[in-house]
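# I'd like to go over a predicted model; first the sequence, then the structure.
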Amino acid sequence: MFFHVLKLLAVAALCVSSVRSEEDKKMCPFLAACLKETDGKVKIEDMKVLMTAKIDDVDGISEDVLCVSKCALEKKQLLVDDKFDVDKLLVDKMMVDKVEKKEDFVECVKKIEAVKECGDLKEFMKCKIRFTKD
C-alpha cells in the first residue's frame, strides 16, 4: 500500500509550487530557516523526495533531508526535547489532514522513544505513511 509522507515534511515542495492553505504558509518560514542553516547543501528540490516516499523508500532518504525535516518540526514545536508533542500533532491540520486512523497514528508515534538524531525521524515517517490515505 502506497501513501504520501507527512505533509509537514513535504511542505518544501508546496512552498516552491502552490501553497494550498494557511497552514502551509505558516510552515514555509520554518522550512526556509532550516534550509538556510544547511548553507545551500539541501535545496527545496531535495525535499520533494518526501512527497513520494513509500515505506520501502524511508531508509534511503538522505540524512541531510531528514535533518531539515527534524529542524522544521522542532521550530514548529511539534518535536520538543526529542519527543513528539502528540497533543499538538493532533490539532495541527497539516499533521492530521489525511490521517485515516488518528488513534493508531498516535499510538505509533508514542512508541518512538526519542528523536535525538536526524535518522531517528524515519520511524515517525513510517507511522505517518502507514496511517495516511493517498
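Structure's in. What do you need?
# isn't D59 right up against G119?
No - D59 lies out of contact with G119 (CB atoms under 8 Å); the separation is 9.2 Å. C-beta: built from backbone N, CA, C; applies to glycine.
# with neighbour numbers in mind, choose between these two.
Counted by other CB atoms under 10 Å, D59 and G119 do not tie: G119 has more neighbours, with 14 against 10.
# sec struct for the more buried one, please.
helix (DSSP: H, G, I helix; E, B strand; the rest coil).
# mind checking how far the residue of the chain most remote from its centre is from K48?
Residue farthest from the centre of the chain, counting by CA atoms, centre = their mean, is D39 at 20.6 Å. Between D39 and K48 the computed distance is 20 Å (CB to CB, to the nearest Å).
# L79 now?
22 Å.
# so which of these two has more stuff around it?
L79 (23 against 16).
# ranges for the strands of the protein?
Under the criterion DSSP state E, the chain contains strands at 79-80, 83-84.
# now do stretch 36-53, average pLDDT.
Here stretch 36-53 scores 86 as its mean pLDDT.
# same check, this time on stretch 61-70
94.
# C67 touches V115, doesn't it?
No - counting by CB under 8 Å, C67 stays clear of V115, with 11.1 Å between them.
# still on that earlier bit, same list, the strands of the chain, but as CSV with mean pLDDT and distance to M94 please.
Formatted as CSV, the strands of the chain follow (pLDDT from 0 to 100; distance: least, CB to CB, whole Å):
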stretch, mean pLDDT, distance to M94
strand 79-80, 96, 14
strand 83-84, 96, 14
